[in-house]
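[1] Task: produce atomic coordinates for the following.
(chains A and B)
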There are 2 protein chains.
Amino acid sequence: MMEKAKIEVCFSPALFPFYENREAIVVVTDILRASSAIVTAFMNGVKKIIPVGTLEEAKAYKEKGFMVAAERDGIVRDFADFGNSPYNFTAQQVSGKQIVYSTTNGTHAIHLASSGSQVLIGAYLNLTALAEHIKESGRDLLVLCAGWKNKFNLEDTLFAGALAKKVLENQQFYTICDATLGAMDLYEAAEQDMMAYIEKVAQRERLKKNNLDDVIEYCHELDHTRLIPVLDGKHLVPLQDFS
Amino acid sequence: MMEKAKIEVCFSPALFPFYENREAIVVVTDILRASSAIVTAFMNGVKKIIPVGTLEEAKAYKEKGFMVAAERDGIVRDFADFGNSPYNFTAQQVSGKQIVYSTTNGTHAIHLASSGSQVLIGAYLNLTALAEHIKESGRDLLVLCAGWKNKFNLEDTLFAGALAKKVLENQQFYTICDATLGAMDLYEAAEQDMMAYIEKVAQRERLKKNNLDDVIEYCHELDHTRLIPVLDGKHLVPLQDFS
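    Take a look at the predicted model:
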């Protein structure tokens, strides 16, 4: 009999050391908006995404001729080609290109996660494909929520709950992780009317202040693509090309 | 008009630096079992509790003649007078005495919290008195969940949700903290049948393995006392004596 695979959820990059699991597939999620934007970019034909942690690195890439998406706290930086809204990553803009991407929370989480056996980018936009890949792998799953400046956030937690629930449909998986159980319960409370639930999250207010809240509904839409971004060294590429 | 006071919840001692608020009353909670045991001890007449972080410190106090409660991962240490079950803190054992207390998670959280304007110990056993004190103070509230070895746990989260909900009944308080909103939603999902909900938490399994799960129901009982333990320098004393 195959050994069962466990599911855990980590609510903040600052808690990652306590959950770290080198055997696990680590799914990084930053629903509003980095992981939704990255999945969108691959859907629209981007070749490679280079996630960078600091604005200095992003600027250095720009000077070398790369196309750069960079913002902090929702404000596009002046040297960047565009900000982090998924709506910026149109096929016309990104198809066939390499893009450098720097965000407040998302890229930091991606770099942290790189100790896992495989690092994937998760969003509602690729939820079903992601869950199926994990179920087929039979490996442990650790969902790393990017959070907000190391604080817990609800929108990433709800996604973690949605993913855990889907993967647990396969009897080869189990969880004894309170964070996973809590995330699933919150997702169940929210899923009937996700947009009504999301009304209250802090990130919605931050986006609204900068007129960036037009993407919230899109970022909660299911299964626009089967593509799963995977970390290949320091770059993200589509899992379908990588494996 | 009085400025409104904000409520935040911190799910792990490791996240405390991101929530730290010197203006806030910090309520430390470790429902299973440290904060429930400490509240019980005061209810039964203990004069003072000295929370210590390490077993070495606890042992040193024992050698100086103090009564010591100390365990790790649910196992009573051989030098200690008793373990951390609230049932050990009977009036006969503790009335009028000073007790040294060391636990896996609880005492670490108490020491961290000491940067707040006032540090209180919270449990269901003193929930209403605690909420009333906070409402009367008009100060910010930060609930620090002791968690489990820096991981998120459900039982402390539910208590944080219960306390936040009670305090928010007073219109002078508000929250824009996702952790607080999530904790309240989980509490609402659990409160109808708390013991059924608590069946699934990881700490229940840990206690059960050591035949220590007999306290779980007691630790979720409401309002056995009006006493609120407060940190006075390095000791806990009843708030009623302190103020």
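
[2] Taking the centroid of chain A, which residue is nearest it?
    Ranked by distance to the mean C-alpha position of chain A (CA atoms, centre = their mean), the top residue is A:T29 at 2.7 Å.

[3] Run through the bridge partners of that residue.
    Under DSSP bridges, the beta-bridge partners of A:T29 are A:G122, A:C145.

[4] Who are the packing partners of the longest helix along chain A?
    Using DSSP state H, we find that the single longest helix of chain A is helix A:154-168. In terms of contacts (3 or more CB pairs under 8 Å, 6 or more residues apart in numbering or on different chains; DSSP states H and E), helix A:154-168 is packed against strand A:5-10, strand A:25-29, helix A:127-137, strand A:141-145, helix A:178-190, helix A:194-198, helix B:178-190. Heads up, the C-betas are built off the backbone N, CA and C, glycines and all.

[5] Kindly recompute the last result at 7 Å.
    On a contact count with 3 or more CB pairs under 7 Å, 6 or more residues apart in numbering or on different chains; DSSP states H and E, helix A:154-168 meets strand A:5-10, strand A:25-29, helix A:127-137, strand A:141-145, helix A:178-190, helix B:178-190.

[6] ok, back up a step: which residues are in contact with the residue nearest to the centre of chain A?
    A:35, A:122-123, A:143, A:145-146, A:156, A:159-160 (CB atoms under 7 Å, 6 or more residues apart in numbering or on different chains).

[7] rerun at 6 Å
    By CB atoms under 6 Å, 6 or more residues apart in numbering or on different chains, the contact list for A:T29 reads A:35, A:122, A:145, A:156, A:159.

[8] Now render the residues you listed as a markdown table, adding neighbour count and distance to A:V68.
    Converted to a markdown table, these look like this (neighbours: other CB atoms under 10 Å in any protein chain shown; distance: CB to CB, whole Å):
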| residue | neighbour count | distance to A:V68 |
| --- | --- | --- |
| A:S35 | 31 | 18 |
| A:G122 | 30 | 24 |
| A:C145 | 30 | 25 |
| A:D156 | 32 | 24 |
| A:F159 | 28 | 26 |
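
[9] and A:F18, how far is that from chain B?
    Distance of A:F18 to chain B, given as CB to the nearest CB, to the nearest Å: 5 Å.

[10] three-state assignment of that residue?
    Secondary structure, DSSP: H, G, I helix; E, B strand; the rest coil: A:F18 is helix.

[11] that older thread, quick check: of the contacts of A:T29, which lies closest to chain B?
    Comparing the contacts of A:T29 against chain B with CB to the nearest CB places A:D156 closest, at 9.3 Å.

[12] any idea how far the closest one is from A:G122?
    Distance, A:D156 to A:G122, using CB to CB, to the nearest Å: 10 Å.

[13] swap in A:M194?
    Here A:M194 is placed at a distance of 16 Å from A:G122 (CB to CB).

[14] Same check on A:F82?
    From A:F82 over to A:G122 (counting by CB to CB), the distance is 23 Å.

[15] Get me the contact residues on chain A for chain B.
    A:11-12, A:14-15, A:18, A:150-154, A:176, A:178-179, A:181-182, A:185-186, A:189, A:200-202 (CB under 6 Å from any CB of the partner chain).

[16] 8 Å instead?
    A:11-12, A:14-15, A:18-19, A:148-154, A:157, A:176-179, A:181-182, A:185-186, A:189, A:200-203, A:205 (CB under 8 Å from any CB of the partner chain).

[17] Quick check: PyMOL command selecting the buried ones in these.
    Command for PyMOL, covering only those of those found buried under the criterion 16 or more other CB atoms under 10 Å in any protein chain shown:
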select buried, chain A and resi 11+12+14+15+18+19+148+150+151+152+153+154+157+177+178+179+181+182+185+186+189+201+202+203
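
[18] Tell me the secondary structure at A:G53.
    Under three-state DSSP, the three-state class of A:G53 is coil.

[19] tell me the contacts of it?
    Counting by CB atoms under 8 Å, 6 or more residues apart in numbering or on different chains, A:G53 touches A:102, A:107-108, A:111.

[20] In CSV: the helices and strands packed on helix A:154-168, plus distance to B:T40 and mean pLDDT.
    Converted to CSV, those look like this (distance: least, CB to CB, whole Å; pLDDT from 0 to 100):
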stretch, distance to B:T40, mean pLDDT
strand A:5-10, 32, 98
strand A:25-29, 41, 98
helix A:127-137, 44, 98
strand A:141-145, 35, 98
helix A:178-190, 24, 98
helix B:178-190, 22, 98
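
[21] Is it possible to get TSV of those that adds distance to A:P229?
    Compiled in TSV, those are given as follows (distance: least, CB to CB, whole Å):
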stretch	distance to A:P229
strand A:5-10	19
strand A:25-29	9
helix A:127-137	10
strand A:141-145	14
helix A:178-190	22
helix B:178-190	25
